[in-house]
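J.: sequence first, predicted coordinates after that:
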Amino acid sequence: MSRYLTRHWLVVYVAAYLVFLYLPTLLIPVFSFNDSIAPAFPLKGFTLQWYQSLMDDPRLRNAALNSLVVASTAAAIATAAGCLIAYADLRRSSPLARGISLLARLPILLPGVVLGIALLVGVNLIGPGPSLGAIVVGHVCFCLPTTVVVMRSRFAAFPRSLEDAAMDLGADEWTTFRRVALPLALPGLLSAFMLAFITSFDEFIVAFFLVGTEPTLPIYIWSQLRFPKQLPSVMALGTVILVVSVILAALAEHLRRRGTRSSANSTMK
Amino acid sequence: MTLSVTQPPRRSRARVFDALLNLPGGLITCTLILFALGLLLYVSLRVNDGQIIGSAFSLDNLWSALTDPLTRLVLLRSIVLSAIVTLATVVLAFPVAYFLAFRAGRWRHLLLFLVTLPFWTSYLLRVFAWKIVLAYNGVLNSALMQLGVIDAPLNGLLNTPSTVVITLAHAYAAFAVLPLYICLQGLPKNLFEAAADLGAKPYQGFFRVVLPLSVPGILSAALVVFVPTVGDYVTPALVGGPNSSMIGTLIQAQFGKANDWPAGAALAVISMIAIAIVVVAARWIITRWSTRT
């Protein structure tokens, strides 16, 4: 046994790391089925009442809907902008395009608190003040570095000669972009959108500063965490989010693998 | 190179295309990111007189934020705690990334999926899970009592700076594995064989070849962990207790309860500068160190 441990310590370490990664998170589903308000051992019995109370909560439904709208809008804008910025940077590379691409990745260096209050001052001075629209704006800034990085690596993954060939055959810049570059970048677009969506859907701090009267889901969860009585329902909600996230992540992984396979084929052709 | 670039109508069309291509990015970066940050700097230089942007310029906000002992303590604490979290996260993640890059074989895809999956779950709930684990009447205490390890619940598991470190290290674990893995995966394998052929022992090969070459990965992993943890507001509020409030808490208080926006903006500007200094210094030190060995 000890010889196995010394020879395979890396395997053992990785297994321990995964346990550390998952153990606290997996307690949430366990206690969401527990028939007791306090999350402690021993378990009291199986119940679905916390899930029932979720279904009956109109504020939760509202917050979830708000989050869906905010995340899909912000992710769509950030992905489209990120795609254009990355394309301009890598394929047209003027100093302006490179500068914009650098600036777009700058928010990596900004903690959410700083971005949140900077935009809070901004939307209070000009524009709507704290609102769902303001959160969309905040999340576009927050997600832009991710989408730019993903799209840059995607455009760098296929040779420029494909586009040069299209131009030599008489296609103009717009046609080349639309008919050659965009279809080849499609897997990147999908994963950029998904990453941005999931980031925005889960984002709390920026939204916390920019929220008006309409809460997003993380803001709603935060407001519920203060009440011990609401704890089991929050854990039920957490379980639902966990399950949906696992399904979405598996789907994204599947898409990504199909994407890399098909792009490998297309570059070979 | 395309020959047709020299034709005049085509060149002007290309110019229009470039302009349109740069427009959305230019709009977002200039009007949102640059403008908001400029505004933040501007507000931090104004006198607080109840308006959003005060009526006169003054350096008082920045000066008092720099000289106030509480602010200095909290800023220093944020940076030290985040540095510990960053170090712990990167050191803990490195063997996992190494395994993924060189040893995982056919398990690689599944493992990569498992490591990144927590990134897809709610951040608030990942932090909150620690609160229910470590609470006085929580999971760990009740489980230990059930098992007969302890008679009475342990106090002081929650609400200490080390709780903040553990929770943050857990919450940001996945962020460190990915950049490290991508860097390690791109290293040419024959370098290791060359090191071994030239008589390097495995640990020498690791410290003299693998580690110096993975410096870019280590730096980007450290960056994506350090920056968000310095400004983290959720973790100190949920599991930190009164003695581990961080700079995010202080900034939030100025914009919320205290309603002193210029002071809050000054705090934000100072923490931005502090982060930039730490990042540049860490880059310099690590790059120097790795080129020396």
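T.: Nice, thanks for sending it over.

J.: show me which residues of the stretch 151-269 of chain A sit near chain B.
T.: Contact residues (CB under 8 Å from any CB of the partner chain) of the stretch 151-269 of chain A with chain B: A:164, A:167-168, A:170, A:172-174, A:177, A:198, A:202, A:204-205, A:208-209, A:218, A:221-222, A:225, A:231, A:234, A:238, A:241-242, A:245-246, A:248-250, A:253, A:257. The C-beta positions use only the backbone N, C-alpha and C, and glycine is treated the same way.

J.: buried only: go through these for me.
T.: Buried by 16 or more other CB atoms under 10 Å in any protein chain shown: A:167, A:173, A:177, A:198, A:202, A:204-205, A:208-209, A:218, A:221-222, A:225, A:231, A:234, A:238, A:241-242, A:245, A:249, A:253, out of these.

J.: picking up where we left off before, mind checking which of the residues of the stretch 151-269 of chain A next to chain B land in strands?
T.: Using DSSP state E to define strands, no part of those is located there.

J.: what sits against B:Tyr135?
T.: Wrong residue type there; residue B:135 is Ala, not Tyr. Counting by CB atoms under 8 Å, 6 or more residues apart in numbering or on different chains, B:Ala135 makes contact with A:Pro39, B:Asn141, B:Leu157, B:Leu158.

J.: picking that back up, the residues of the stretch 151-269 of chain A next to chain B in helices, which ones?
T.: With DSSP state H as the criterion, helices contain A:164, A:167-168, A:173-174, A:198, A:202, A:205, A:208-209, A:218, A:221-222, A:225, A:231, A:234, A:238, A:241-242, A:245-246, A:248-250, A:253, A:257 from among these.

J.: would you map the helices across the stretch 51-200 of chain A?
T.: Taking DSSP state H, counting those that start in this stretch, the helices of the stretch 51-200 of chain A run over residues A:58-87, A:95-104, A:112-125, A:132-157, A:161-168, A:173-176, A:182-202.

J.: mind putting these into CSV with mean pLDDT and distance to B:Pro216?
T.: Shown next, in CSV, are the helices of the stretch 51-200 of chain A (pLDDT from 0 to 100; distance: least, CB to CB, whole Å):
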stretch, mean pLDDT, distance to B:Pro216
helix A:58-87, 93, 20
helix A:95-104, 89, 18
helix A:112-125, 87, 25
helix A:132-157, 90, 14
helix A:161-168, 85, 28
helix A:173-176, 85, 33
helix A:182-202, 88, 21
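
J.: buried deepest among those, which one?
T.: When you average the neighbours per residue for each of the helices of the stretch 51-200 of chain A (mean count of other CB atoms under 10 Å in any protein chain shown), helix A:112-125 leads with a mean of 25.

J.: briefly note if that one comes near chain B.
T.: Yes. Contact of helix A:112-125 with chain B (CB under 8 Å from any CB) involves A:Gly112, A:Val113, A:Val114, A:Leu115, A:Ile117, A:Ala118, A:Leu119, A:Leu120, A:Val121, A:Gly122, A:Asn124, A:Leu125.

J.: could you name the specific helix or strand carrying the nearest residue to the third one once chain neighbours are set aside?
T.: So that's A:Val114. In space, and not counting its chain neighbours, A:Val114 is closest to B:Ala268: 4.8 Å by CB to CB, 6 or more residues apart in numbering or on different chains. Assessed by DSSP states H and E, B:Ala268 sits inside helix B:261-292.

J.: next, the buried residues of that helix.
T.: The neighbour-count check on helix B:261-292 (16+ other CB under 10 Å) flags B:261-272, B:274-275, B:278-279, B:282, B:290 as buried.

J.: among the contacts of B:Ala135, who's most crowded?
T.: With neighbours taken as other CB atoms under 10 Å in any protein chain shown, the top of those is A:Pro39, carrying 25 neighbours.

J.: distance-wise, check it relative to B:Pro212.
T.: A:Pro39 sits 46 Å away from B:Pro212, going by CB to CB, to the nearest Å.

J.: which residues does whichever residue of chain B sits closest to chain A contact?
T.: Of all residues in chain B, the one sitting closest to chain A is B:Gly231 (2.4 Å; CB to the nearest CB). With contacts defined as CB under 8 Å, 6+ apart, B:Gly231 is in contact with A:Pro111, A:Gly112, A:Val113, A:Val114, A:Ile205, B:Ser78, B:Met246, B:Ile247, B:Gly248, B:Ile251, B:Ser271.

J.: nearest to A:Arg154 among those?
T.: Among these, A:Gly112 lies closest to A:Arg154 (CB to CB), at 26.0 Å.

J.: I'd say that closest one and A:Cys143 touch.
T.: No. Contact criterion CB atoms under 8 Å: A:Gly112 and A:Cys143 do not qualify, at 11.9 Å.

J.: Three-state assignment for B:Val149, please.
T.: Look at B:Val149: counting by DSSP: H, G, I helix; E, B strand; the rest coil, its state is coil.

J.: next one: phi and psi at it?
T.: B:Val149 adopts backbone torsions of phi -70, psi -40, taken as degrees, to the nearest 10.

J.: how many other residues sit next to it?
T.: If you count neighbours by other CB under 10 Å, B:Val149 ends up with 9.

J.: I'd say B:Ala14 and A:Thr176 touch.
T.: No. Between B:Ala14 and A:Thr176 there is no contact under CB under 8 Å: 10.6 Å.

J.: that older thread, pLDDT wise, what is the residue of chain B closest to chain A at?
T.: On pLDDT, B:Gly231 comes in at 83.

J.: over to B:Pro228?
T.: 87.

J.: secondary structure element holding it?
T.: helix B:215-230.

J.: which secondary structure elements does the following helix or strand past that helix sit against?
T.: Downstream of helix B:215-230, the first helix or strand assigned by DSSP H and E is helix B:234-235. If contacts are counted by 3 or more CB pairs under 8 Å, 6 or more residues apart in numbering or on different chains; DSSP states H and E, helix B:234-235 sits against helix B:123-134, helix B:161-171.

J.: again, 6 Å this time
T.: helix B:161-171 (3 or more CB pairs under 6 Å, 6 or more residues apart in numbering or on different chains; DSSP states H and E).

J.: follow-up on the earlier one: for the residue nearest to A:Val114, give me its contacts.
T.: A:Val114, A:Ile117, B:Leu40, B:Ile251 (CB atoms under 6 Å, 6 or more residues apart in numbering or on different chains).

J.: and B:Gly240, by the same measure?
T.: B:Val164.
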